[in-house]
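*Asks:* Got a predicted structure here, sequence first:
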Amino acid sequence: MKRKSLLMSFLVIFGVLLSLNVFGRNVQAKYWKEYYFKPREVRVIKPVKIYKMKIAYPLYKTHAVASKILRKGQKVHIRDVASYEWLVTHKGWANGYFKAHGKYFWQCPKAKGWYKLVR
């Protein structure tokens, strides 16, 4: 009797673990990487100050050299990077963050509440 209940409990636990594995979400890291680092076009809904950063090596010496205010209704592209909240790009602005010998890039230190996703 004890052996039968032990076998039954083992089968129940095995069945639960198997069902969790079968019905679990299979998310590939590649999907999240493509979604997360893709530049997003946004519309500014609140004025926000952004900073032009001069890239220096070592990177802790990178510093702000200029600033500007994004006006309400302006369309820009934002992108998430590891070291800053948002990397802001727009046609005609310096964007050397992803270039081999880039000198400047624009960044916004405010995480949320200033933009609305366009596409």
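*Replies:* Nice, thanks for sending it over.
*Asks:* Domain-wise, how is the protein divided?
*Replies:* For the chain, automatic domain parsing gives the domain ranges 2-32, 39-117.
*Asks:* Lowest mean pLDDT across those domains, which one is that?
*Replies:* Ranked by mean pLDDT, those end with domain 2-32 at the bottom, a mean of 68.
*Asks:* about what we covered before: using a markdown table, lay out the domains of the chain together with mean neighbour count.
*Replies:* Where you see a C-beta, it was placed from the backbone N, CA and C, and this is true even at glycine. Formatted as a markdown table, those follow (neighbours: other Cβ atoms under 10 Å):
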| stretch | mean neighbour count |
| --- | --- |
| domain 2-32 | 9 |
| domain 39-117 | 14 |
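*Asks:* all strands of this protein, in order?
*Replies:* 40-44, 48-54, 63-70, 75-79, 86-89, 104-108, 115-117 (DSSP state E).
*Asks:* does L117 really touch I45, like I thought?
*Replies:* No: L117 is not in contact with I45 according to Cβ atoms under 8 Å; the separation is 10.5 Å.
*Asks:* in this protein, which helix has the most residues?
*Replies:* Counting by DSSP state H, the longest helix found in the chain is helix 2-23.
*Asks:* Report the separation between the nearest residue to K68 once chain neighbours are set aside and W106.
*Replies:* Once flanking residues are discounted, K68 sits nearest to I50: 6.1 Å by Cβ to Cβ, 6 or more residues apart in numbering. According to Cβ to Cβ, to the nearest Å, I50 and W106 sit 5 Å apart.
*Asks:* Residues that sit against both of those two, list them.
*Replies:* Common contacts of I50 and W106 (Cβ atoms under 8 Å, 6 or more residues apart in numbering): V88.
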